[in-house]
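Asker: sharing a model prediction with you, sequence too.
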Amino acid sequence: MAKPNSGGLSSSLLVQADMVSTVIPVFNRPDMIRDAVQSVLAQTHRPIEIIIVDDGSTDNTPTVLKQLSEQHEEVRVFTQKNAGPGVAREHGRLNVRGEFIQYLDSDDVLLPVKFAQQVAALKSQPQASAAYGKTEVIEFDAKPIGVAHRETGVAHTALFPSFLYYRWWFTSTPLYRRSVLEKAGPWSDAMNEEDWEYDCRIASLGGGLAFVDEFVSLHRVHKGHASNDDAHLSADGTRDANKLAHRAMSRARIFQHAKDYMKLNDRPSSIEQDDWAQFSKYTFLLARQCAKAGLSSEARAMTTISIEAVGKKTPQHWLFLKLVTLLGWQRAARVVEATGR
């Protein structure tokens, strides 16, 4: 799997001032993609463009995309072999023309004033890398009730240190400056936690955030809806060996991004000991999950990062590593799980 490198957008594309470019990766979601596209077309802000990247769909999604591009001049469609959402988003990123960039999952929708309010916020706060607002999580086909999820309703001035704990917004929540994404470089080809890693890479650059105290998007939950192809890629990420391997790869990069951020001088939102302790705790949990799945190399790497994050081996680290010496990684993880330690 390729490591992200710095890279700019296509030099042949001229940046259009005030344009918002929306990048939507899609795989086997012919009905949902219509909703996603319509939510972008319904934006009160103009100009806009919609870049859809078909990630190797095997159903009638390509037919639907062709119809959408023929019906709406704002829509452009690209195709690639199935490679995951990160690679698809990067494919789209390289073809945008807008000054601002919106990523959108094919099963989610934006609310009509999102672009207008977030573009205005970015223009009024030039130090901000991204603008964000409130996102609600709803069941598919349900009506919103006005509850902001995770921390999308909380005003943050920067991504770090809070993003070190977890990704507290959704893909649809932020609107980014194109210039910031050019500095951050390409998306990773990891299949899991690639979005968290991407945002932490942006966070490592030290830019601020602009908060819009309005609902801007809906994250739609649709487990079991229509077909198994609709399941979120993050599902079963605590047991599936391949997904765990991708999570471990992303987590190692997140750790490096946080260290890079700490090298910046006089940050207004520095990472403190308690922040590192939380990151260490969840990374150590990932280490044990990897070990249980038989991923000894990943388990070793995550354990090492967990220890480095707090600067010492905790009693939990000592116990687990002692069990690893006696039993091996997989059996040690099972013993720790069984005893609840």
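Answerer: Thanks, I have it.

Asker: domain-wise, how is the chain divided?
Answerer: 18-226, 241-339 (automatic domain parsing).

Asker: using TSV, lay out those together with mean neighbour count and mean pLDDT.
Answerer: Heads up, the C-betas are built off the backbone N, CA and C, glycines and all. Shown next, in TSV, are the domains of the chain (neighbours: other Cβ atoms under 10 Å; pLDDT from 0 to 100):
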stretch	mean neighbour count	mean pLDDT
domain 18-226	20	96
domain 241-339	18	94
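
Asker: for stretch 131-146, which outside residues touch it?
Answerer: 107, 114, 117-119, 121-122, 125, 147-150, 152-153, 169-170, 172-175, 209-222, 225 (Cβ atoms under 8 Å, 6 or more residues apart in numbering).

Asker: got the end-to-end distance for it?
Answerer: Chord length of stretch 131-146, first to last residue, is 20 Å (Cα to Cα, to the nearest Å).

Asker: chain center to that stretch, what's the gap?
Answerer: Relative to its chain's centre, stretch 131-146 lies at 17 Å (Cα atoms, centre = their mean, to the nearest Å).

Asker: now Ala293: closest residue in space that isn't a chain neighbour?
Answerer: Excluding the flanking residues, the one nearest Ala293 by Cβ to Cβ, 6 or more residues apart in numbering is Ala241, at 4.4 Å.

Asker: now do Leu326
Answerer: Leu326's closest residue in space is Ala332 (Cβ to Cβ, 6+ apart), at 7.5 Å.

Asker: could you export whichever strand or helix holds the one you found as CSV, CA atoms only?
Answerer: Ala332 belongs to helix 329-339 when assigned by DSSP states H and E. C-alpha atoms of helix 329-339 as CSV (Å, rounded to 0.1, in the frame of the first residue of the first chain):
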residue,chain,number,x,y,z
TRP,A,329,0.5,-12.5,20.4
GLN,A,330,-2.8,-14.2,19.6
ARG,A,331,-3.2,-16.3,22.7
ALA,A,332,-2.0,-13.4,24.9
ALA,A,333,-4.7,-11.2,23.4
ARG,A,334,-7.4,-13.8,24.1
VAL,A,335,-6.3,-14.2,27.7
VAL,A,336,-6.4,-10.4,28.3
GLU,A,337,-9.8,-10.3,26.7
ALA,A,338,-11.1,-13.2,28.8
THR,A,339,-9.8,-11.6,32.0
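
Asker: list the helices and strands that helix packs on?
Answerer: helix 273-292, helix 296-310, helix 315-327 (3 or more Cβ pairs under 8 Å, 6 or more residues apart in numbering; DSSP states H and E).

Asker: try it again with 6 Å
Answerer: Using 3 or more Cβ pairs under 6 Å, 6 or more residues apart in numbering; DSSP states H and E, the elements in contact with helix 329-339 are helix 273-292, helix 315-327.

Asker: that helix to helix 273-292, inter-axis angle?
Answerer: 110 degrees (axes from the mean of the first three to the mean of the last three Cα atoms, to 10 degrees).

Asker: ok, back up a step: I'd like to know which of the helices and strands packed on helix 329-339 is closest to Ser21.
Answerer: helix 273-292 (32.4 Å; Cβ to Cβ).
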